[in-house]
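> following is a predicted model, sequence given first.
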Amino acid sequence: MRALLFLLALLAGCGEVWNDPYPAAERGENILYSVFANRPKHLDPASSYTVDEALFTRQIYEPPLGYHYLKRPYELIPLTALEIPKPREIDGGRFTVYEIRIRPGIRYQPHPAFVAENLSLDRVKIKNLKSPYALPLASRELTSDDYIYQIKRLAHPQLHSPILGLMEEYIVGLKEFEGRLQKENKGGWLDLRQFPLEGVERVDAYTYRVTLKGRYPQFVYWLAMPFFAPVPWEADQFFQQAGMAQRNFTLDWWPIGTGAYMLSENDPNSRMVLARNPNFHGALYPSEGKKGDAQRGLLADAGKPVPFIDRAVFTREKEGIPLWNKFLQGYYDSSGIGSDNFDQAVRVSVEGDATLAPQMEERGIRLDTAVAPTVYYLGANWLDPVVGGDSERARKLRQALAIAIDWEEYLSIFSNNRGIASHSPLPPGFFGFREGAEGINPLTHEWQDGKAHRRPLEAAKKLLAEAGYPDGRDAKTGQPLLLYLDTTQRGPSDKSEIDWWRKQFAKLSIQFEPRQTDWNRFQEKLRKGSVQLFIAGWNSDYPDPENFMFLLHGPQSRVKSGGENSTNYANPEFDALFERMRDMPNSPERQKLIDRMTDILRRDAPWIGGFHPKNYALFHSWLGNAKASEMTDNYLQYLRVDPAKREAARRAWNGPVLWPLALILVLLAGSIIPAVVGYRKRERMAARPAG
């Protein structure tokens, strides 16, 4: 009887979601649920530089500029600045001045650093403190001094900013400033207000100037990165108190900003929580976007104040399978797609177009894709006597390889078609990128039926023969052509990829020898120029064509100057065009220069093809305004959730399956009842009087 009562109780509660990983109190709340994979090491804007860290820093800190959430190509917009600063050349172009004006009335999030008594805490109180937010909190207005203070922090000897070396080349006096801080650093708080920096000047409470050496038009893109976000001196002093670092009370753990969100919970091994900043100055959802955004519902909130979400809970997921399962259960609002789950989520047509699998569509899941601002390429060392240099022989050899190596096939086999073959160094979304027929490499592809098709292998064989290697043999010596490929691949797919590469060279009867090594050794070989062919990649810092084209600029040769031109490519015409294009604003004239530079690269082929990876994102139907983006990292303020719709879906998808338990209970009852009947029968027999 008790078993049956227990079964009835279970059935009565079948409407509850038993496997919900979140507290019951959160149900129905205006919360976004997402994930992070790697433990963020730095949340201090002077040091932070990784994608995993940007997931949080971009929601908290506000540099002067940012990117339009919807528009493509990516477009700079003011965040705290009143407008995008215009460069002003002085002293005949020897220096460039940027004057940044910020909006009055912007306030920081509540923080203990703004309470005077918290700047002189005793060690015992700090030792017993569980969170900085347990102290009294206050706020103050953002000023230009806070931006100046942060620029100075880039040179702080204890912070090791990854962009210090680059900025020292441009910001006047920064290198000398770093040297002075090195001498002044005695431990404890170093009040940077006491040390002037020549190239950074306060004009008034809401205006500051940065003076650069020469011209560097890409500097405005750096003004959209957290490196140039404001940090108040009070926060620096607060976290430098003795005993704070031992308690993990630092800007790396407890950032302070003026953005739409603030970090309210920090457990980087498990859970991070962003809460709405009650002092946020406000912003409006964009009123225009890319073609098709309106049809996708991405402009439904046009002109409305953001943010829409109260909190965002990020759970650390180290493995792909648990993440994927929880997404399908509705416990995460969005998800990427791993290789193991790709076939379950996506169907790819013969033409390479991706659509959602039926089971995904049934749940109302949406698919969005974005080509990453990244390129992977097969590089030819310009200093190598076989594949390098500007001789007609070497050029036609590289051209033949560019046709024969089928990057579309590579993406199909090893990346589930998550990428596009590159026809120039520039990925989509960047100024200078050409769409459609005018964007293809005519050496390697033809435009047919609205698509790019790789030229036939016969065209590659013809070029190879013209290079002096008919059927893969040196026409003079008869010896087979042997080419070496350096790679750092060490993963499970290593052998299959090497086999694929061998087949690509075999198409032209070229012998192939891979040279696998670790990353450090590979980098050393690049520095010395002791490679022939190699695979490398680059991820853009900012959406300007200069940030890709400079990878092929002769003066930035890896061997000759330690630059990022790993192929050591050198072409006087290309270099001259680059130096003109680099300092120009986006315009039809700049586009013409980029087109000519691209034509030169296609002809010379220092990069023998490659690809731009494509990222896939899945969004549940209750997540609104979601758009895949690779540059607009402060996306959280634009998103919207429908908690009621999410809760209904979770109940529908995660209802308890009770029939196995009910069956077990019935079987138990079936075995227990005869025993009970037999026991009672024996009891009655024992109770009868004798005789």
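Now that the structure is in, tell me what you want to look at. Because the structure is a prediction, the values reported are computed rather than measured. Numbers count the residues shown, from 1 in each chain.
> assign a three-state SS to Ala626, would you?
Using DSSP: H, G, I helix; E, B strand; the rest coil, the structure places Ala626 in coil.
> what about it, how many neighbours?
22 (other Cβ atoms under 10 Å). Any C-beta I mention is one placed from the backbone N, CA and C, and that applies to glycine too.
> list the beta-bridge partners for the residue nearest to it when sequence neighbours are not counted.
In space, and not counting its chain neighbours, Ala626 is closest to Phe619: 4.3 Å by Cβ to Cβ, 6 or more residues apart in numbering. Using DSSP bridges, the bridge partners assigned to Phe619 are Ser334, Arg366.
> Ala380 now?
Leu533.
> contacts only, for it.
Listed by Cβ atoms under 8 Å, 6 or more residues apart in numbering, the contact set of Ala380 reads 387-388, 398, 532-533, 567, 605-608.
> do the same with Val203
99, 144, 209.
> looking at those residues, which has the most residues close by?
Neighbour max across the contacts of Val203 (other Cβ under 10 Å) = Ser144, 21 neighbours.
> in helices only, show me the contacts of Val203.
Ser144 (DSSP state H).
> between the contacts of Val203, which is nearest Ala138?
Taking Cβ to Cβ as the measure, Ala138 lies nearest Ser144 of the contacts of Val203, at 20.5 Å.
> where does the closest residue to that closest one other than its chain neighbours land on pLDDT?
Counting by Cβ to Cβ, 6+ apart, Ser144 lies nearest to Tyr208, which is 4.1 Å off, once chain neighbours are set aside. pLDDT recorded at Tyr208 is 98.
> give the buried residues for stretch 359-374.
Buried positions in stretch 359-374, judged by neighbour count with 16 or more other Cβ atoms under 10 Å: 360, 365-368, 370-374.
> quick one: the helices in the stretch 1-150 of the chain?
2-12, 51-60, 123-127, 144-153 (DSSP state H, counting those that start in this stretch).
> okay, and for the stretch 401-550 of the chain, where does confidence drop off?
489-493 (pLDDT under 70).
> and if you look at the chain?
Residues of the chain that meet the cut-off, pLDDT under 70, sit at 1-18, 350-352, 489-493, 656-663, 665-666, 669-670, 675-691.
> quote the end-to-end distance of stretch 146-165.
One end of stretch 146-165 to the other measures 22 Å (Cα to Cα, to the nearest Å).
> whoops, I mixed them up, stretch 79-89
24 Å.
> with stretch 276-296 instead?
Note: stretch 276-296 ends 27 Å apart using Cα to Cα.
> would you mark the buried spots in that stretch?
Quick answer for stretch 276-296 (16+ other Cβ under 10 Å): 276-277, 279-281, 283, 285-286, 289, 293.
> go on, stretch 592-606?
593-594, 597-598, 601-602, 604-606.
> out of these, which two sit at the greatest distance?
So, the buried residues of stretch 592-606 by Cβ to Cβ: farthest apart are Leu593 and Ala605, at 19.8 Å.
> who wins for neighbours among the contacts of Ala380?
Thr567 (30 neighbours).
> wait, isn't it in contact with Ile608?
No. The criterion here is Cβ atoms under 8 Å, and Thr567 misses it with Ile608 at 9.7 Å.
> overlap in contacts of the two?
379-380.
> coming back round to it: mind listing what the residue nearest to Ser144 touches?
Contacts of Tyr208 (Cβ under 8 Å, 6+ apart): 99-100, 144-145, 147-148, 200-202.
> one more time with 10 Å, if that's ok
For Tyr208, the contact set (Cβ atoms under 10 Å, 6 or more residues apart in numbering) comprises 64, 98-102, 143-148, 151, 200-202.
> show me how to select, in ChimeraX, the buried members of the residues you listed.
Applying 16+ other Cβ under 10 Å to the contacts of Tyr208, the buried members can be selected in ChimeraX as follows:
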select :64,98,100,101,102,143,144,146,147,148,151,200,201
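> farthest-separated two in the contacts of Tyr208?
Checking these with Cβ to Cβ, the most distant pair is Tyr98 and Thr143, at 17.7 Å.
> which stretches of the stretch 51-200 of the chain form strands?
65-67, 76-78, 88-90, 95-101, 200-204 (DSSP state E, counting those that start in this stretch).
> among those strands, which is nearest Ala649?
strand 65-67 (31.8 Å).
> name every strand pairing with that closest one and say which way it goes.
strand 76-78 (antiparallel).
> in which helix or strand would I find Glu497?
If you go by DSSP states H and E, Glu497 is part of helix 494-506.
> that helix: how far from the chain's middle?
On the basis of Cα atoms, centre = their mean, to the nearest Å, helix 494-506 sits 29 Å off its chain's mean C-alpha point.
> would you check that Tyr61 makes contact with Pro255?
Yes. Judged on Cβ atoms under 10 Å, Tyr61 makes contact with Pro255 at a distance of 6.7 Å.
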